[in-house]
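**Student:** Have a look at this prediction, sequence included:
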Amino acid sequence: MIHKNRTLYELHFQHRTVLLDVFMIGFSVFFLAIMANIRIPLWPVPITMQTFGVFLIAFFFGSKRGLLTIAAYVLAGLAGIGVFAGYKSGTAAILGPTGGYILGFLFMALAIGWMIEKGYGRTKLSVLKCMIVGEVILYVFGLAGLWIYLGNVSLLKVLQLGFIPFILGDALKAGAAVALFPYLWKGHHKLVNN
């Protein structure tokens, strides 16, 4: 039986230590930095694989460790390590056009992780629900940040720059997640029972 309130991390690593947590979070920050730089360079917001990476991290870790991982990622960027899209770092990245999206990753990871802990993410439909909730949260923060950055522009202009170019990519990422993530639970279930 699949433990509905446990994350994949908790199921795979039943004897966890602080050292393991630190290693896995550090590895996940490195992974997210790679995903941030698989990109199509648009202005002012590039198309990247970051959102898929955040979803995967939240799906694997749950809310607390997922949030901690994204917080570590943001802090690494603020400390000058080029983990953001285009290998950017520093406060300029947070105050720039993508800053709202970066901050939105924190709340996206928290919400998706919480949903995973409540039993979502085991079926195709519930994975899709997680993706939609995460994307809505991300765009609320991302578009608000972009609007502030751009100054006196219309909502339509903000949507044209920060939302419309990403619809197809988000649909493809959601399709990949729906196809992949339920099988991670099934794979764990088979591994445990063999």
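**Tutor:** Okay, I see it.
**Student:** Please count neighbours and contacts with C-alpha atoms only from this point.
**Tutor:** Fine.
**Student:** Could you report the distance from the residue nearest the centre of the chain to residue 148?
**Tutor:** The structure's the chain has its C-alpha centroid closest to residue 54; by CA atoms, centre = their mean the separation is 1.6 Å. Distance of residue 54 to residue 148, given as CA to CA, to the nearest Å: 24 Å.
**Student:** Equivalent analysis for residue 46, please.
**Tutor:** Counting by CA to CA, the gap from residue 46 to residue 148 is 18 Å.
**Student:** Which one of these two is surrounded by more residues?
**Tutor:** residue 46 (21 against 15; other CA atoms under 10 Å).
**Student:** Not counting its neighbours along the chain, what's nearest the more buried one?
**Tutor:** residue 40 (5.7 Å; CA to CA, 6 or more residues apart in numbering).
**Student:** For that neighbour, what are phi and psi?
**Tutor:** phi -110, psi 110 (degrees, to the nearest 10).
**Student:** Let me see the contact set for the residue nearest to the centre of the chain.
**Tutor:** By CA atoms under 8 Å, 6 or more residues apart in numbering, the residues touching residue 54 are 32, 70, 105, 108, 109.
**Student:** Which parts of the chain are helices?
**Tutor:** 8-12, 18-36, 50-61, 63-78, 91-95, 99-117, 124-150, 155-162, 167-193 (DSSP state H).
**Student:** Make TSV out of these and add distance to residue 85.
**Tutor:** Formatted as TSV, the helices of the chain follow (distance: least, CA to CA, whole Å):
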stretch	distance to residue 85
helix 8-12	27
helix 18-36	5
helix 50-61	8
helix 63-78	10
helix 91-95	9
helix 99-117	10
helix 124-150	14
helix 155-162	15
helix 167-193	16
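**Student:** Next, format the ones you listed as CSV and append mean pLDDT.
**Tutor:** What follows is the helices of the chain, written out as CSV (pLDDT from 0 to 100):
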stretch, mean pLDDT
helix 8-12, 86
helix 18-36, 96
helix 50-61, 94
helix 63-78, 97
helix 91-95, 92
helix 99-117, 96
helix 124-150, 95
helix 155-162, 94
helix 167-193, 78
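**Student:** how near is residue 31 to residue 95?
**Tutor:** Counting by CA to CA, the separation of residue 31 from residue 95 is 23 Å.
**Student:** The two: which is more packed in?
**Tutor:** Higher neighbour count among residue 31 and residue 95: residue 31, with 17 against 14, using other CA under 10 Å.
**Student:** Quick one: residues contacting that one.
**Tutor:** residue 53.
**Student:** rewinding a little: now flag whichever of the contacts of residue 54 is closest to residue 9.
**Tutor:** residue 109 (14.7 Å; CA to CA).
**Student:** Tally up the residues packed near that closest one, please.
**Tutor:** 32.
**Student:** Spatially, which residue comes closest to it, not counting chain neighbours?
**Tutor:** Nearest to residue 109 is residue 58, by CA to CA, 6+ apart, at 5.0 Å.
**Student:** Done for today, thanks.
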